[in-house]
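[1] Based on what follows, work out the 3D shape:
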Amino acid sequence: MTQRRCPDCGVGLEEMEARTTDGFGLRLVTNEPKGGILGSLGAKEKLEPKAHVCPECGLVREYVDV
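    Numbers count the residues shown, from 1 in each chain. All right, here's what the predicted structure looks like:
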């Protein structure tokens with residue numbers, strides 16, 4: 001994977017883990033059904049975003065691997 005760059009500064013973004021105040025990782029729930037038996041029971045696919053932070057200006061962007 002290529003290094004993500006800040007659109008404002010042009011420097012490489014640093015990958016960080018985003019967590020809630022309770023210490024849980026963030027999850028994005030899609031409208032797509034999860035695979036297998038859980039999907040047939042109505043469970044939705046969940047994606048884990050990774051935070052990318054610019055060390056120069058502090059811009060934060062969230063990306064998921066799709």
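
[2] contacts, neighbours, all on C-alpha from now
    Fine.

[3] who's the nearest residue to residue 31 once chain neighbours are set aside bridged to?
    Once flanking residues are discounted, residue 31 sits nearest to residue 44: 6.2 Å by CA to CA, 6 or more residues apart in numbering. On the basis of DSSP bridges, residue 44 is bridged to residue 33.

[4] burial count for residue 44?
    If you count neighbours by other CA atoms under 10 Å, residue 44 ends up with 17.

[5] Could you double-check that it sits in contact with residue 29?
    Yes: contact criterion CA atoms under 8 Å: residue 44 and residue 29 qualify, at 6.4 Å.

[6] Show the model's pLDDT score for the residue nearest the centre of the chain.
    Nearest residue to the geometric centre of the chain (CA atoms, centre = their mean): residue 49, 1.1 Å. If you check residue 49, the pLDDT there is 87.

[7] Based on its surroundings, how many neighbours for residue 12?
    Residue 12: 16 neighbours (other CA under 10 Å).

[8] any idea of the mean pLDDT in stretch 24-39?
    Mean per-residue pLDDT for stretch 24-39: 72.

[9] Run through the residues that contact the nearest residue to residue 48 once chain neighbours are set aside.
    Computed as CA to CA, 6+ apart, the closest residue to residue 48 that is not its neighbour in sequence is residue 27, at 5.0 Å. With contact taken as CA atoms under 8 Å, 6 or more residues apart in numbering, residue 27 is in contact with 46-49.

[10] out of the residues you listed, which are buried?
    Buried subset of the contacts of residue 27 (neighbour count, 16 or more other CA atoms under 10 Å): 48-49.

[11] Reformat the contacts of residue 27 as CSV; add secondary structure.
    CSV is the format used below for those (DSSP: H, G, I helix; E, B strand; the rest coil):
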residue, secondary structure
46, strand
47, strand
48, coil
49, coil
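
[12] tell me which of the contacts of residue 27 is nearest to residue 13?
    Taking CA to CA as the measure, residue 13 lies nearest residue 49 of the contacts of residue 27, at 14.6 Å.

[13] backbone phi and psi for the closest one, please?
    For residue 49, the backbone dihedrals (degrees, to the nearest 10) come out as phi -80, psi 150.

[14] May I ask you to confirm that it is in contact with residue 64?
    Yes: applying CA under 8 Å as the test, residue 49 and residue 64 come out as touching, 4.5 Å apart.
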